[in-house]
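Participant: Following is a predicted model, sequence given first.
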Amino acid sequence: MNVVVLLAPGFEELEAVTIVDVLRRAGISVTLAGIADPPIAGNHGIEVMSDVSIDDVKAYDALVLPGGNPGYINLERDHRVLKLIRDAHGAGKYIGAICAAPHVLGQAGIMEGVTATCYPGIEIPGAKRVEEPVVRHGTIITSQGPGTAIAFALDLVEVLTSTENAREVRKALLA
């Protein structure tokens with residue numbers, strides 16, 4: 001199982017690091033793919049080294065987008081990101097987006113009729129928005145923001161591995 005987490009300048013550090021950490025604790029391989037040259041600075045000035053460029057993303061089982069402002073704007077302005085989202089959706093792969101990043105999924109045109117959530121005040125083009133911490137609709141998983149990052153990552157663990165694995169990681173995290 002390999003998950004690609006996309007990093008854009010201005011990403012939300014708490015979301016990105018939490019997702020990577022929880023998935024790796026669950027035994028899932030995670031690749032950080034940057035849309036800019038590393039290191040990539042988050043919204044709060046924390047720099048993270050990406051593993052690869054988005055141009056080098058080949059095989060993966062799921063795609064995850066952290067939010068953050070202007071991170072989500074930088075993601076949706078990049079045609080490579082939108083193509084990767086459309087390709088993943090077309091292949092039936094899991095796609096996760098948290099905070100403002102569900103807006104990017106809407107911009108990619110994959111949210112029509114999807115029930116989803118995101119950061120308050122952000123719209124999701126095409127989606128039916130609900131106020132829940134984490135929402136799973138088919139292969140699309142969305143979440144509200146930094147405070148829901150652990151729950152979001154654990155939901156990803158559950159769908160990508162098993163309920164039991166997610167339960168064990170949750171227990172170890174005291175979540």
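Facilitator: Here it is on my side, so go on.

Participant: Number of residues surrounding residue 64?
Facilitator: Residue 64 has 25 neighbours, counted by other Cβ atoms under 10 Å. C-beta: built from backbone N, CA, C; applies to glycine.

Participant: go on, residue 52?
Facilitator: Neighbourhood size, residue 52 [other Cβ under 10 Å]: 14.

Participant: same deal with residue 62?
Facilitator: Residues near residue 62, counting by other Cβ under 10 Å: 22.

Participant: Kindly report the same for residue 105.
Facilitator: 30.

Participant: Find me the pLDDT at it, would you?
Facilitator: What the model reports as pLDDT for residue 105 is 98.

Participant: Does it touch residue 65 like I think?
Facilitator: Yes. Under the criterion of Cβ atoms under 8 Å, residue 105 makes contact with residue 65 at 7.5 Å.

Participant: tell me, what's touching those two both at once?
Facilitator: Between them, residue 105 and residue 65 share these contacting residues under Cβ atoms under 8 Å, 6 or more residues apart in numbering: 85, 95, 97.

Participant: and of those residues, the nearest to residue 70?
Facilitator: Using Cβ to Cβ, residue 97 comes nearest to residue 70 of these, at 15.7 Å.

Participant: Contact partners for that closest one?
Facilitator: Applying Cβ under 8 Å, 6+ apart to residue 97 gives the contacts 64, 65, 67, 104, 105, 118, 140, 141, 142, 143.

Participant: how about a cut-off of 10 Å?
Facilitator: Residues in contact with residue 97 (Cβ atoms under 10 Å, 6 or more residues apart in numbering) are 6, 15, 63-67, 72, 75, 85, 103-106, 108, 111, 116-118, 124, 140-143, 152.

Participant: from those residues, which ones fall inside helices?
Facilitator: 15, 72, 75, 85, 103, 104, 105, 106, 152 (DSSP state H).

Participant: which one of those is nearest residue 28?
Facilitator: residue 152 (13.9 Å).

Participant: The closest one: how many residues sit nearby?
Facilitator: That count, for residue 152 with other Cβ under 10 Å as the rule, works out to 28.

Participant: How about it: what's its closest non-neighbour residue?
Facilitator: Closest residue to residue 152 apart from its sequence neighbours, by Cβ to Cβ, 6 or more residues apart in numbering: residue 143 at 3.6 Å.

Participant: Now do that neighbour, the pLDDT please.
Facilitator: Turning to residue 143, the model gives it a pLDDT of 98.

Participant: Please apply the same query to residue 25.
Facilitator: If you check residue 25, the pLDDT there is 98.

Participant: number of nearby residues for it?
Facilitator: Residues lying near residue 25 (other Cβ under 10 Å) number 16.

Participant: Next, it: phi, psi?
Facilitator: The phi/psi pair for residue 25 (degrees, to the nearest 10) reads phi -60, psi -30.
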